[in-house]
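Undergrad: requesting a structural model of the entry that follows:
(2 chains)
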Amino acid sequence: METTLIVGACQAGVQLASTLRDLGDTDAIVMIGEEAHRPYQRPPLSKGWLKGELEPDDVILRTRQWFDDRDIQLIAGDRVVTIHREPGGSGVAHTLGGRQIAFTRLALTTGASVRRLTLPGTDYRGVHYLRDADDAIALGPALAEPSAQRVVVIGGGFIGLEAASAARQLGKDVTLVEGTGRLIGRVVAEQTSEFYLAAHRRRGTEVVLGARIARILGEDASAAGRRGSVTGVELDDGRMIPADLVVIGIGVIPRVELAVQLGLAVEGGIVLDESCRASDGRTVAAGDCAIMPNPYPAGLGGLVRIESVNNALEQAKIAAATLLGKDAAYSSVPWFWSDQADLKLQIAGLSAGYDGIVVRGDPDTERFAVLYYRDDRLIAADCVNQPAEFLAIKHALAKGQTIPRHAAADTGVPLKQSVVDAPVAVAS
Amino acid sequence: MSTVVYTADDGFVTTIEGRPGDSVMETAVRNGVRGIVGECGGSLSCATCHVFVELETFDLVGGPGDLEDEMLDGTAVERHDNSRLSCQIKLQDGCEYHVTTPSEQL
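TA: Down below sits the predicted model:
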């Protein structure tokens, strides 16, 4: 009798449990998560949730009945703090709440924690982060308060831009400050960054690039000991941006504490092989906590950590198969989406290592795509309000096909009609 | 409550009592109905919740919106006249919905 312990009750953890059952595993499955909530989806938290369009039941991943029907034991609101593992592979996990959970198979879907700003003033009332349901539950009503008129968002990545969009749509005065010279710079080409800068400014968000923050300012705490409220953000050039509410979205840090404790290789994430196996050859991992050989395009080399729903699902499916001694390979093209106001960004593929781009359409129309090429072969694309083109590209990449550059630039022909087989790569 | 009857590509039928306000996609995914993926959680980004809507249900729910219509051009299995993305079909109290899922979503 085996027992699989899944540490982390999230998108990856739930998929892992689901795939175990789909593959016919009838042994015990225990999934534990430190959050008090039932497993839920994170993407809506920075989108519909902030606009007050959603309730907790709208973001759950599976019903209680689903867990019961599949005999998957879910422990919510407790955290694994230490894991003792025998040389044979079985072990016991000890939780903060005093539980001891014996297991024979171990899966880590521990996710990532929000990166905190290490500057004075982050503990003033009205300073928010956005990662977990609890963050969103606190931020939603705070943002809806009429007194929170001036909003400063720190960080020009997806979370920052989505939060800024939601705040603007609620009629707030929004200033977004980004430390680097452009928006979403870690992920997209300059052309896409430039577009988002212009688009957010058009929608009334003040965007400050290359801004270094000195500290967050607030009023003195009252005599009652209540935390003082935030009043603004001070940049290191002395500029002061007044704020009633501050949202910090500067990325996440993978949760690797348990992996380190188990002696697993960690390099900015739990290091996995193509089968989602960690360095001990038996623990599996999936999702934001994991780093693996670049799955796409295969053979490019290097390790990547991919923060996306698609990657969490894909790795979880592979990890489940691996636990059962079955083969599985990364078969999906990595993809991402971000909804900001009426702008739908869909990204297919991984653009790292591109050597050329084609811009399809005019960014000023707010319907365009940036296609990334390496050695004249399509590897990725950013599509703005072009869902059909995005899907055509995603399907082409999945089949190892490409779109010639001249055809990519021709907006008169849908991309679906321009897909061709890629020439077979010559080994160098 | 509302009722959704899902018929898989191989003819397997699953009937789920859904919560009014939830979508046909959410009702499927949260209850483990095969044949609907819904990777993006219903934000109209992935086109992996494609369904064929039966005639009576089609009269009830109508055709796709503009963005959905564009997405339907890129589904894994080619669209038909009665194709919808099931994340965009919200359940109304007391109604019954009949959909068939395609052989592939990804």
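Undergrad: tell me, what residue is most central in chain B?
TA: Central residue check for chain B by Cα atoms, centre = their mean: the C-alpha nearest the mean position is that of residue B:86, 2.7 Å away.
Undergrad: so who does that one touch?
TA: Going by Cβ atoms under 8 Å, 6 or more residues apart in numbering or on different chains, residue B:86 touches B:23, B:24, B:25, B:28, B:36, B:38, B:49, B:50, B:51, B:99. Where C-beta positions appear, they are placed from N, C-alpha and C, glycine not excepted.
Undergrad: can you list the weak-confidence ranges in chain A?
TA: The model of chain A has pLDDT under 70 over residues A:221-225, A:298-299, A:424-428.
Undergrad: now chain B against chain A: closest residue?
TA: Scanning chain B for the residue nearest chain A gives residue B:74, at 2.5 Å (criterion: Cβ to the nearest Cβ).
Undergrad: pLDDT score for that residue?
TA: pLDDT recorded at residue B:74 is 91.
Undergrad: which one is it nearest to, not counting chain neighbours?
TA: Taking Cβ to Cβ, 6 or more residues apart in numbering or on different chains as the measure, residue B:74 lies nearest to residue A:391, with 2.5 Å between them; neighbours along the chain are not counted.
Undergrad: go on, residue A:375?
TA: Sequence neighbours aside, residue A:355 is the residue nearest to residue A:375 in space, at 7.0 Å (criterion: Cβ to Cβ, 6+ apart).
Undergrad: gap between that neighbour and residue A:374?
TA: Distance, residue A:355 to residue A:374, by Cβ to Cβ, to the nearest Å: 5 Å.
Undergrad: before we move on, back to that, so of the contacts of residue B:86, which ones are in strands?
TA: Taking DSSP state E, the ones among those that sit in strands are B:50, B:51, B:99.
Undergrad: and these as a markdown table, adding pLDDT, neighbour count and distance to residue A:7?
TA: Written out in a markdown table, the entries for the ones in strands among the contacts of residue B:86 read as follows (pLDDT from 0 to 100; neighbours: other Cβ atoms under 10 Å in any protein chain shown; distance: Cβ to Cβ, whole Å):
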| residue | pLDDT | neighbour count | distance to residue A:7 |
| --- | --- | --- | --- |
| B:50 | 98 | 28 | 34 |
| B:51 | 98 | 29 | 35 |
| B:99 | 98 | 25 | 36 |
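Undergrad: residue B:2: neighbour count?
TA: The burial metric for residue B:2, expressed as a neighbour count using other Cβ atoms under 10 Å in any protein chain shown, is 20.
Undergrad: follow-up on the earlier one: how many neighbours does the residue nearest to residue B:74 have?
TA: Using other Cβ under 10 Å as the criterion, residue A:391 is surrounded by 26 other residues.
Undergrad: regarding it, what is its secondary structure?
TA: Three-state assignment for residue A:391 (DSSP: H, G, I helix; E, B strand; the rest coil): helix.
Undergrad: in this structure the residue of chain B closest to chain A contacts residue A:393, no?
TA: No. In this structure, residue B:74 sits apart from residue A:393 without contact. The criterion is Cβ atoms under 8 Å, and the distance is 9.2 Å.
Undergrad: more neighbours, the two?
TA: residue A:393 (33 against 22).
Undergrad: distance of the more buried one relative to residue A:23?
TA: Between residue A:393 and residue A:23 the computed distance is 31 Å (Cβ to Cβ).
Undergrad: which stretches in chain B count as strands?
TA: Ranges of strands within chain B are B:2-7, B:13-18, B:50-53, B:83-85, B:96-100, based on DSSP E.
Undergrad: how about the ones you listed, which one is nearest residue A:91?
TA: Of all those, it is strand B:13-18 that lies closest to residue A:91, at 37.7 Å by Cβ to Cβ.
Undergrad: quick one: the closest one near chain A?
TA: No. Applying Cβ under 8 Å from any Cβ of the partner chain, one finds strand B:13-18 separated from chain A by no less than 9.6 Å.
Undergrad: re the thing from before, got the phi and psi for the residue of chain B closest to chain A?
TA: phi -120, psi 20 (degrees, to the nearest 10).
Undergrad: for it, which residues are in contact?
TA: Residues counted as contacts of residue B:74 (Cβ under 8 Å, 6+ apart) are A:387, A:388, A:390, A:391, A:392, A:394, A:395, A:416, B:47.
Undergrad: could you export those residues as a markdown table, including distance to residue A:130?
TA: Supplementary listing: the contacts of residue B:74 in a markdown table, determined by distance: Cβ to Cβ, whole Å:
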| residue | distance to residue A:130 |
| --- | --- |
| A:387 | 26 |
| A:388 | 31 |
| A:390 | 26 |
| A:391 | 29 |
| A:392 | 33 |
| A:394 | 27 |
| A:395 | 33 |
| A:416 | 36 |
| B:47 | 27 |
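Undergrad: tell me the one among these nearest to residue A:189.
TA: residue A:390 (15.8 Å).
Undergrad: for burial, what's the neighbour tally of the closest one?
TA: Using other Cβ under 10 Å, residue A:390 has 29 other residues around it.
Undergrad: how far away is it from chain B?
TA: Summarising the geometry, the distance separating residue A:390 from chain B, computed by Cβ to the nearest Cβ, to the nearest Å, is 7 Å.
Undergrad: I'd say that residue and residue A:349 touch.
TA: No. Taking Cβ under 8 Å as the definition, residue A:390 is not a contact partner of residue A:349, at 10.6 Å.
Undergrad: who touches both of those two?
TA: Contact with both residue A:390 and residue A:349 is made by residues residue A:381, according to Cβ under 8 Å, 6+ apart.
Undergrad: quick one, what contacts residue A:41?
TA: Neighbour list for residue A:41: A:11, A:59, A:60, A:61, A:309, B:41 [criterion: Cβ under 8 Å, 6+ apart].
Undergrad: scratch that, residue A:8 is what I was asking about
TA: A:31, A:32, A:33, A:108, A:109, A:110, A:111, A:255, A:287, A:289.
Undergrad: so who does the spatially closest residue to residue A:5 that is not a sequence neighbour touch?
TA: Once flanking residues are discounted, residue A:5 sits nearest to residue A:103: 3.7 Å by Cβ to Cβ, 6+ apart. Residues touching residue A:103, when contacts are defined by Cβ under 8 Å, 6+ apart, comprise A:3, A:4, A:5, A:30, A:90, A:91, A:92, A:93.
Undergrad: for residue A:103, give me phi and psi.
TA: Here residue A:103 shows phi and psi, under degrees, to the nearest 10, equal to phi -150, psi 160.
Undergrad: what is it paired to in the beta sheet?
TA: Per DSSP bridges, residues listed as beta-bridge partners of residue A:103: residue A:91.
Undergrad: how close does it get to residue A:271?
TA: As judged by Cβ to Cβ, residue A:103 and residue A:271 stand 21 Å apart.
Undergrad: got it, and residue A:170?
TA: In this view, residue A:170 and residue A:271 are 42 Å apart by Cβ to Cβ.
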